[in-house]
Structures are given as structure tokens and as C-alpha cells.
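Colleague: This is the structure alone, sequence omitted:
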């Protein structure tokens, strides 16, 4: 009597839940380096999702092993009971009533064993299904969170890309400003040099004017002295 195959639970050993989300293909080396911090969070949630699936599979496998052990034990006891029906030639002369009584006892024992095994397995299967449903809900919740994190990572990547473009624009603007400043400094240096030359020329002109003024003043003093001398001589002559 091999009745264990009829009630042997057929469990799915595949991982529960959806497969791990595909990681986005890298676009460019610089973009991957900038996004490495954001994708690390996505990898962590994917790992949690995989561990939850493995834990659920391990729990179901342990429950199935326990049910299998109970079935094997029941089959062993049934085999022992079946051996009681194997009678030798000497025992074949026993009364039909004794055989019928033994058959009834054996049948009752068999039904009892099968009932216990069936109830135990049914409860275990129901508990496993409940645990599997709970794990599926947890996996679905984690998947939803991972999808939400993926959207956040994409937004962060878009912001980082915009910041990179802004940095490039600022760098170009800074270079243009630096070029303008350099041109202005060169122009200022040229103006300063020209101004210095003009100031030098003006100083020379002022010195020349001062020298001329001193000469003129000296001549005026001499002329004044001469006039005074002439005036003094004229006054003396008239007296």
C-alpha cells in the first residue's frame, strides 16, 4: 500500500515573489561614478528582497521535511501492521473470527494513522500557505519600496546631471570672466605705462618751465636793479 504519493505535498521550491529588478545599464563612466551612491541603496533593497525569498523557501522546505518524516513514520507503522497479515501455514488454520477481528483492528489502526497523518499534513500545509502568503505580501511591499527608491534614484540622477551641466556652464563662464579680467589688466597696465610716461614728460616740462621761470626772474631782478641804478643816477644829476 503506497498511499503517501496521493497526499504528498507538492511544493514549489522556486523563489517566492518577482525576480530582482534589472539594474539599469550604465550610460557613461562619469555618470556611473556620480550615481554610484544612489544605486547602492537600490542594491541594498534588492538584497533584502532576495533574502526574504530565501527565508520563505527555507521555512517551507523545513515544513515539508517535517511532514515527510511523519509520512515515513506512518508508512513504517502501516508496514508493520501489514506484516501481521502474512501468515504461515500453521497460522492459516486459525479461526475466521480471529482473522476478522485482527483485520478490523488493523483497519481501524490504519485509518487512525492515516487520519493523524492527514490532519497533521493538512495543518502544516495550511500553515505553510499562510506563511507563504504573508511572505508574498512582504515581498510585494519590499518590491513597491524598491520601485519607489528606483524612481527616487532616477530623480537624483537627473538632478546630478543638471548640476553637472551647471558646473560646466559655470566653468565656461568663469573662464570667460577670467579672460575678460586678463584683458582689462593688460589694458590697465598699458594705461599705467602710458600715464607714467606722460607724467615723466610733464615733470620734465615742469622742470623746464621752473628753470625758465628762475631765469626770467633773475633777468627781471637784474633789470629792476639796473632801472633803480639809472633812476638813482638821474636824481643825482638833477640835483
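Modeller: That came through, no problem. Being a predicted model, the structure only gives us computed values, none of them experimental.
Colleague: switch to C-alpha atoms for all contacts and neighbour counts from now on
Modeller: Fine.
Colleague: mind listing what's buried in stretch 205-212?
Modeller: Across stretch 205-212, burial judged by 16 or more other CA atoms under 10 Å covers no residue at all.
Colleague: And for stretch 109-123?
Modeller: Neighbour counts over stretch 109-123 (16+ other CA under 10 Å) mark 110, 113-114, 117-118, 120-121 as buried.
Colleague: Near residue 154, how many other residues are there?
Modeller: Number of residues near residue 154 (other CA atoms under 10 Å) recorded here: 15.
Colleague: Please report the distance of it from residue 160.
Modeller: Residue 154 sits 10 Å away from residue 160, taking CA to CA, to the nearest Å as the criterion.
Colleague: longest helix anywhere in the protein?
Modeller: For the chain, the helix that runs over the most residues, judged by DSSP state H, is helix 96-238.
Colleague: So which elements touch that one?
Modeller: For helix 96-238, the elements it packs on are helix 29-83, judged by 3 or more CA pairs under 8 Å, 6 or more residues apart in numbering; DSSP states H and E.
Colleague: Try it again at 10 Å.
Modeller: Applying 3 or more CA pairs under 10 Å, 6 or more residues apart in numbering; DSSP states H and E, one finds that helix 96-238 contacts helix 4-7, helix 29-83.
Colleague: Out of these, the one nearest residue 168 is which?
Modeller: helix 29-83 (13.5 Å; CA to CA).
Colleague: distance between that closest one and the chain's centre?
Modeller: With CA atoms, centre = their mean, to the nearest Å as the basis, helix 29-83 stands 27 Å off its chain's centre.
Colleague: wouldn't residue 122 be in contact with residue 67 here?
Modeller: Yes. Counting by CA atoms under 10 Å, residue 122 touches residue 67, with 9.4 Å between them.
Colleague: hmm, back to that, switch the helices and strands packed on helix 96-238 over to CSV, and while doing so, append distance to residue 197 to every line.
Modeller: Converted to CSV, the helices and strands packed on helix 96-238 look like this (distance: least, CA to CA, whole Å):
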stretch, distance to residue 197
helix 4-7, 112
helix 29-83, 54
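Colleague: Identify, out of these, the most deeply packed stretch.
Modeller: helix 29-83 (a mean of 16; mean count of other CA atoms under 10 Å).
Colleague: Rounded mean pLDDT for that helix, please.
Modeller: Helix 29-83 shows a mean pLDDT of 74.
Colleague: and the angle from it to helix 96-238?
Modeller: Per axes from the mean of the first three to the mean of the last three CA atoms, to 10 degrees, the angle that helix 29-83 makes with helix 96-238 is 170 degrees.
Colleague: which residues does residue 232 contact?
Modeller: Contact partners of residue 232, counting by CA atoms under 10 Å, 6 or more residues apart in numbering, are residue 226.
Colleague: State the distance from residue 154 to residue 165.
Modeller: Distance, residue 154 to residue 165, by CA to CA: 17 Å.
Colleague: again but with residue 192, I slipped
Modeller: For residue 192, the distance to residue 165 equals 40 Å [CA to CA].
Colleague: cool, and residue 58?
Modeller: Taking CA to CA, one finds residue 58 at 49 Å from residue 165.
Colleague: do residue 141 as well
Modeller: Separation of residue 141 from residue 165 (CA to CA): 36 Å.
Colleague: and what of residue 54?
Modeller: Remark: distance between residue 54 and residue 165 (CA to CA) = 43 Å.
Colleague: which residues sit in contact with the nearest residue to residue 110 once chain neighbours are set aside?
Modeller: Nearest non-adjacent residue to residue 110, counting by CA to CA, 6 or more residues apart in numbering: residue 78, 6.4 Å away. By CA under 10 Å, 6+ apart, the contact set of residue 78 is 1-2, 72, 106-107, 109-111, 113-114.
Colleague: In this protein, what helix or strand scores lowest on average pLDDT?
Modeller: The weakest-scoring helix or strand in the chain, judged by mean pLDDT, DSSP states H and E, is helix 4-7 (a mean of 39).
Colleague: Alright, calling it a day.
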